[in-house]
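[1] A structural model of the following input is requested.
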Amino acid sequence: MRHRSIAVLAAVLSLVGCEQAREAKNAYTVVTHAAAASKQMGAALEDAQTRQAERVKNGDTLALPYKELQKYLPETVTGFDTADAPAGQTMQMPGMHYSQATRTYHQGDKQNLTVTLVDYNGAAALFSAASGLMALGMEMEDENQRMNSADLGQKGLKALETYGKKDRKATIVVAVNDRFIATVEATDQPDTEAVKAVAKSLSYDELLKK
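    Below you'll find the predicted structure:
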């Protein structure tokens, strides 16, 4: 009986030791991933700052006029029959200058899709705040929404897509060349496929050169 008790105690201690080892390993993994994510975000922000400094050096410090941005919005969107006229604005204040262009497309009474393009060339701090998480390859899901990074298959683009499980709102946000943010959002959607397709179809070539 004594030998059996010792054997049981040894087995319990072994299990406790294994559990502690697993917990230590999990903690190490979390810390390692957090450090890697921090390093990745830091590298992305440093790259964005380098691009911004190069533009400043070349005298390119202002955002494009909103009328110019409107040229990059699609005339039509597949699956949406009508479209509003393009809208937009240019905002300027001390130390900050950015422009925004937007257009909304409609299908029936419930489905609306809006494309928004913002030029943050004169507001680098706002761009960093808007795009920093895109460099992490993050994923998040709860009862209300699902969020994850998206690959649009083109160099110079970073994207994050979000789907509202209850309100059926789909959104994809695309950072372009550490300067522009393109957002496509649509109501009454079963998933993010429609907004992702529109995001892929936008004309990025000229924006990537700026």
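[2] Return the distance of Pro94 relative to Tyr120.
    According to C-beta to C-beta, to the nearest Å, Pro94 stands 16 Å off from Tyr120. Placement of C-beta: from N, CA and C, glycine included.
[3] The two: which has the busier surroundings?
    Neighbour totals were compared for Pro94 and Tyr120, and Tyr120 leads with 26 against 5 (other C-beta atoms under 10 Å).
[4] what about that one, which SS state?
    Recorded secondary structure, Tyr120: strand (DSSP: H, G, I helix; E, B strand; the rest coil).
[5] And it, how close does it get to Ser99?
    Going from Tyr120 to Ser99 by C-beta to C-beta gives 9 Å.
[6] which residues are common contacts for these two?
    Ala63 (C-beta atoms under 8 Å, 6 or more residues apart in numbering).
[7] Glu185: what's its closest spatial neighbour, skipping adjacent residues?
    Thr171 (4.2 Å; C-beta to C-beta, 6 or more residues apart in numbering).
[8] Okay, now the unreliable bits of this structure?
    1-61, 122-133, 135-136 (pLDDT under 70).
[9] In it, what residue spans correspond to strands?
    82-83, 87-93, 96-107, 111-122, 139-141, 145-150, 157-164, 170-176, 180-186 (DSSP state E).
[10] could you check the angle strand 96-107 makes with the last one?
    Interaxial angle of strand 180-186 relative to strand 96-107 (axes from the mean of the first three to the mean of the last three C-alpha atoms, to 10 degrees): 30 degrees.
[11] what does the second one give?
    In this structure, strand 87-93 runs at an angle of 160 degrees to strand 96-107, with the same axes, to 10 degrees as the basis.
[12] what comes up buried for strand 87-93?
    Under the neighbour-count criterion of 16 or more other C-beta atoms under 10 Å, strand 87-93 has Gly88, Thr90 buried.
[13] Other residues contacting that strand?
    63, 65-67, 69-70, 97-103, 122.
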